[in-house]
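> sequence-free structure coming up:
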């Protein structure tokens, strides 16, 4: 799907505040409310817009630790790797999970209440997964930028 200038304006407005009224989104994208609604439905149908979420402040909810956890696994069995993938994506502390090149097979963004909570995550979850060969953690000190907005 080729995006028009107004499609892009609509997406920018939506990313800035998905709770904006249809009239406000339409005005920001320089189109009528009916056209804006149709465009938005079309963008949802083709999978460009995949959902709407509230963005929560993890620290205000008591999650004071953010770690990037690099996990290496045995590559002897696709079944082992698939099991690890399935378990990683289900765990509520894993905010993001990527397969990667380099020195780790998976890179995770993990949140925890404190270092003890992160230690429990490692010992009671990660280290118990069959096939894990190496884990390396980078604990963040300050969050300088965190966004869900994709440039359009």
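Arrived safely, thanks for sending. What you see is a predicted model, and the numbers here were worked out from it, not measured in a lab.
> show me the contacts for the residue nearest to residue 150 when sequence neighbours are not counted.
Spatial nearest neighbour of residue 150, excluding adjacent residues (CB to CB, 6 or more residues apart in numbering): residue 15 at 7.2 Å. (C-beta placed from N, C-alpha, C; glycine too.) Residue 15 makes contact with 148-150, 152 under the criterion CB atoms under 8 Å, 6 or more residues apart in numbering.
> ranking the residues you listed by neighbours, who comes first?
residue 152 (13 neighbours; other CB atoms under 10 Å).
> do you know how far it is from residue 4?
Distance, residue 152 to residue 4, using CB to CB, to the nearest Å: 11 Å.
> any shared contact partners between those two?
By CB under 8 Å, 6+ apart, no residue touches both residue 152 and residue 4.
> show me what contacts the residue of the chain positioned farthest from its centre?
Distance from the C-alpha centroid of the chain peaks at residue 32, with 32.0 Å (CA atoms, centre = their mean). Listed by CB under 8 Å, 6+ apart, the contact set of residue 32 reads residue 26.
> Give me the domain ranges for the protein.
Listed domain ranges for the chain are 5-45, 65-139 (source: automatic domain parsing).
> Export these as a markdown table, with columns for distance to residue 51 and mean pLDDT.
Output for these, formatted as a markdown table (distance: least, CB to CB, whole Å; pLDDT from 0 to 100):
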| stretch | distance to residue 51 | mean pLDDT |
| --- | --- | --- |
| domain 5-45 | 9 | 94 |
| domain 65-139 | 15 | 96 |
